[in-house]
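**Student:** next one to model:
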Amino acid sequence: MESVRNSHSYSPVANAPDIVQAEHTVLNQDTSYEGAAGRKSFASVDVQEIQNSSTSSPRVSKQTWSFIGAKRSDEKRSSTPNSSRSSAFFKTSSWTFEIVSLFVGLGAIVGIIAVLACFNGQALPKWPYDITLNALIALLATIANANMAVPLQSGLSQLKWIRFRAGRAPLSDMEAFDEASRGTWGAIKLLITARGGIFGSFGAVIAIVALAIGPFAQQIATYRMRTISIPETAFIPRSLNYTGALPGNSSSTGFVPILPMKAAVYNGLFAENNRPAAILPVACPTGNCTWNPFDTLAVCTECIDISSFMERWCNPSASSTNSSDLSTCGWRVPQGAVLSSAEEVFSMTSLLPSPYGNMPHSTIMRLIFMGTESQTVANALNPWALQCSLQGCVQSMNSSVINGAVTETVLSTKFNTTVVDMSKPAFDPEVGHTVYLTGSDNSTYLLSQGALLAMRGWFGTLFRNGSATRTSTAFNRTIDDDAVVVNLTVGISSGETFFDSDIVTAFYWNYYQYPSGLQMLMSDLASSMTTAFRSFMGAEPVVGTALATESYVHVRWGFIALPIAVVALTAMFLAAAMWRTKASGSKLWKSSALAMLFHGLDSGTREKFGRGGSLEEKRKWARGVRVQLDEGDSGSLLRD
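**Tutor:** Alright, predicted model coming up:
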């Protein structure tokens, strides 16, 4: 057995001269030995020794080894062990896996494009388990990146065999290509050192750029905000008619307003928020809604400056030591309102329509305000007068809700200026004082006689004539009803003032507090009454559109260029590697470690690197050793 082992420890050809002239044959002999792993047996070995003579050349017999556990064959193999193993290895070598991986990566990129095209401009998808669109894109990008790495790694690995097949190259290039096929850092080193040639550098660039597939894929889809319309989800009321009134003996007209109307009047007079429409029963689920313009029955106000009609007026019943002294007299206007003396600095006079036709029959009430004080100069005499009216009308409204607050703008107004005289034969007692108005849509709107009489009767008490007096003698008066005395400071006006009612106080306050305070307060009163019209009897909803904010997908298609370019370049690189392999006649070994084991360096180079030294020293030696892949007697090998 020992002789058999020794006979196979060296090359028969190389050691032929040293073989003794002896001839013996070992035939059909089973050889076995006992080792640490157990008993090992060799099958029959045919060995024919080499005879050496001066007249004959050495003869080498073919060796056939088979181990127990392998399939036994009685037929001797015609090839050497190296060639048979490499043949089996090459049978399964192909580019199929790389081509499939390339198509899978291409499919992942196409999937990203398809998903983004489907959701571009659409609201964010709501998927189960809170899966987001970004997660899906990241998954597809990872699949693409992983599959692109397969042909890149195989192509870079195959290039090293092509390199050494083409000619002699430093042995260290073997490691450079191998590192480039395993990761980005190796690809960077191969690119920097320029050891890969044109094709190697091309593959290294693709491997580096491929790292950006994930970040670029994440940048393709962005999320923006937009306002969307949700039709027929918002509602705001409008009034087609108003008939709110109750019979009551406490009123001079026999009717009293319903409580919501009284609440609306007080809100308009005293809330002082300039938002009387805030109490409208509006349905706006998103807090932002719009409506197309619509008509509604409303209360309108109009104020006219009548200061030019003022004239001095002295109370005939007042005693005066000097009747020619006008400084103690007051002021009056033709409508009948007066300031009875110089002590009265402000007055409010209410005028209600007569059943006998002194005003348009849609008029609810008129108020005349008079004063002697300037709004801007203290203690300056400045007589003024203002006439304001409240009347039923039809308004064309533009309504919206912005951040939960109702905003309304009056686009146009229509009145009924008909004067009704109950004493004339043409008066229709069945119709009475009922007000009919026509809107812009030619619809008829109704303000009933009972509701009109109820407001007039109550207003006659609420807005009874009153004044503001600022003298020391005024405070000796007996305070009755709702008269008030205050030490008031508002605007430029200050001092103790006697007011006949809270209503007078409210109008006086607004006159000095705001530049157009009286007009503003009358407008608030009219708007609040309109809100009451639209909130109760005779109201109907107007359908509008709710506005909502949503996030939507916006695709920036420019970022898809890099993933597509990586796929295209990878396909080109794989095609180039396949073509170079075929053109150079190289074996398709790629990154196989078996190829390195089956086809190694020749004995002289192996002996040089086997002398010892660290791995770093061997790397330095490898830079100076140039090898080439070539065919030998026993198959392919690297040789120096």
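
**Student:** which helices and strands sit right next to the helix or strand that residue 413 is a member of?
**Tutor:** Using DSSP states H and E, residue 413 sits in strand 405-414. Contacts defined by 3 or more C-beta pairs under 8 Å, 6 or more residues apart in numbering; DSSP states H and E place strand 405-414 against strand 381-402. Where C-beta positions appear, they are placed from N, C-alpha and C, glycine not excepted.

**Student:** so who does residue 270 touch?
**Tutor:** Contacts for residue 270 (C-beta atoms under 8 Å, 6 or more residues apart in numbering) come out as 502, 506.

**Student:** in its sheet, what does the helix or strand following the strand holding residue 413 sit against?
**Tutor:** Next helix or strand after strand 405-414 toward the C-terminus (DSSP H and E): strand 435-438. Strand 435-438 pairs in its sheet with strand 444-447 (antiparallel), by DSSP bridges.

**Student:** give me the residues contacting the strand holding residue 413.
**Tutor:** The contact list for strand 405-414 (C-beta under 8 Å, 6+ apart) reads 236, 275, 277-278, 280, 282, 293, 298, 300, 393-401, 437-440.

**Student:** doesn't residue 525 lie inside a helix?
**Tutor:** Yes. Per DSSP: H, G, I helix; E, B strand; the rest coil, residue 525 lies within a helix segment.

**Student:** please verify my assumption that it contacts residue 269.
**Tutor:** Yes. Contact status for residue 525 versus residue 269: in contact at 6.0 Å, counting by C-beta atoms under 8 Å.

**Student:** who has more neighbours, the two?
**Tutor:** Higher neighbour count among residue 525 and residue 269: residue 525, with 23 against 20, using other C-beta atoms under 10 Å.

**Student:** with residue 305 as the reference, measure out to the more buried one.
**Tutor:** To residue 305, residue 525 is 19 Å away according to C-beta to C-beta, to the nearest Å.

**Student:** then residue 555?
**Tutor:** Using C-beta to C-beta, residue 555 is found at 62 Å from residue 305.

**Student:** can you check residue 126 too?
**Tutor:** Between residue 126 and residue 305 the distance is 62 Å, computed by C-beta to C-beta.

**Student:** now, of the contacts of strand 405-414, which are buried?
**Tutor:** Among the contacts of strand 405-414, those classed as buried by 16 or more other C-beta atoms under 10 Å are 236, 277-278, 280, 282, 298, 300, 393-397, 399-401, 437, 439.

**Student:** how about stretch 453-471: buried residues?
**Tutor:** Buried residues in stretch 453-471, counted by 16+ other C-beta under 10 Å: 453-460, 462-471.

**Student:** for stretch 299-308, same thing?
**Tutor:** For stretch 299-308, a neighbour-count test (16+ other C-beta under 10 Å) marks 299-303, 306 as buried.

**Student:** ok, now stretch 209-217?
**Tutor:** For stretch 209-217, the neighbour count (16+ other C-beta under 10 Å) marks 209-210, 213-214, 216-217 as buried.

**Student:** looking at the residues you listed, which one is closest to residue 181?
**Tutor:** For those, the minimum distance to residue 181 (C-beta to C-beta) is 13.2 Å, reached by residue 210.

**Student:** residue contacts, the closest one?
**Tutor:** Residues counted as contacts of residue 210 (C-beta under 8 Å, 6+ apart) are 145, 148-149, 152, 566, 570.

**Student:** got the domain ranges for the chain?
**Tutor:** Domains of the chain are assigned by automatic domain parsing as 2-78, 91-222+553-639, 241-314+331-466+515-537.

**Student:** the last one spans what distance, first to last residue?
**Tutor:** Terminal residues of domain 241-314+331-466+515-537 are spaced 7 Å apart (C-alpha to C-alpha, to the nearest Å).

**Student:** state the distance from residue 460 to residue 292.
**Tutor:** With distances taken as C-beta to C-beta, residue 460 is found 39 Å from residue 292.

**Student:** quick one: low-confidence ranges for the stretch 301-450 of the chain?
**Tutor:** Flagging of the stretch 301-450 of the chain using pLDDT under 70 yields the residue ranges 317-327, 422-432.

**Student:** coming back round to it: dump the buried residues of stretch 299-308 into JSON lines; add secondary structure and distance to residue 339 as well.
**Tutor:** As requested, the buried residues of stretch 299-308 are arranged in JSON lines below (DSSP: H, G, I helix; E, B strand; the rest coil; distance: C-beta to C-beta, whole Å):
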{"residue": "299", "secondary structure": "strand", "distance to residue 339": "28"}
{"residue": "300", "secondary structure": "strand", "distance to residue 339": "28"}
{"residue": "301", "secondary structure": "strand", "distance to residue 339": "23"}
{"residue": "302", "secondary structure": "strand", "distance to residue 339": "23"}
{"residue": "303", "secondary structure": "strand", "distance to residue 339": "19"}
{"residue": "306", "secondary structure": "coil", "distance to residue 339": "13"}
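
**Student:** closest one of the residues you listed to residue 518?
**Tutor:** residue 303 (6.8 Å).

**Student:** neighbours around residue 133, how many?
**Tutor:** Counted with other C-beta under 10 Å, residues neighbouring residue 133 total 17.

**Student:** ugh, typo on my part, it should be residue 245
**Tutor:** By other C-beta under 10 Å, the residues close to residue 245 number 25.

**Student:** rewinding a little: in helices only, show me the contacts of residue 210.
**Tutor:** If you go by DSSP state H, the contacts of residue 210 have 145, 148-149, 152, 566, 570 in helices.

**Student:** quick check on the residues you listed: which are buried?
**Tutor:** The buried subset of the ones in helices among the contacts of residue 210 - by 16+ other C-beta under 10 Å - is 145, 148-149, 152, 566, 570.

**Student:** now render those residues as a markdown table, adding pLDDT.
**Tutor:** As requested, these are exported to a markdown table (pLDDT from 0 to 100):
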| residue | pLDDT |
| --- | --- |
| 145 | 88 |
| 148 | 88 |
| 149 | 87 |
| 152 | 88 |
| 566 | 91 |
| 570 | 90 |
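
**Student:** as CSV, those with distance to residue 94 would be great.
**Tutor:** Converted to CSV, those look like this (distance: C-beta to C-beta, whole Å):
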residue, distance to residue 94
145, 24
148, 19
149, 19
152, 17
566, 24
570, 18
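
**Student:** for the residues you listed, which one is nearest residue 99?
**Tutor:** The closest of these, once distances to residue 99 are taken by C-beta to C-beta, is residue 570, at 11.1 Å.

**Student:** wait, what's in contact with the closest one?
**Tutor:** 102, 105, 148, 151-152, 206, 210.

**Student:** report the central residue of this structure.
**Tutor:** Central residue of the chain (C-alpha atoms, centre = their mean): residue 551, 3.2 Å from the mean position.

**Student:** tell me the SS of that residue?
**Tutor:** strand.

**Student:** I'd like the distance between it and residue 231.
**Tutor:** Separation of residue 551 from residue 231 (C-beta to C-beta): 21 Å.

**Student:** next: residue 178.
**Tutor:** For residue 178, the distance to residue 231 equals 66 Å [C-beta to C-beta].

**Student:** the more surrounded of the two?
**Tutor:** Using other C-beta under 10 Å as the criterion, residue 178 and residue 231 rank with residue 178 on top: 16 against 9.

**Student:** residue 546: how many residues sit nearby?
**Tutor:** Neighbour number of residue 546 under other C-beta under 10 Å is 21.

**Student:** my read: it touches residue 234, true?
**Tutor:** Yes. Contact status for residue 546 versus residue 234: in contact at 4.6 Å, counting by C-beta under 8 Å.

**Student:** what is in contact with the two at once?
**Tutor:** Shared contacts of residue 546 and residue 234, counting by C-beta under 8 Å, 6+ apart, come down to 284-285, 289.

**Student:** mind listing the strands for the stretch 151-300 of the chain?
**Tutor:** Secondary structure of the stretch 151-300 of the chain, counting by DSSP state E, counting those that start in this stretch: strands at 169-170, 221-239, 241-242, 246-247, 255-256, 289-290, 294-305.
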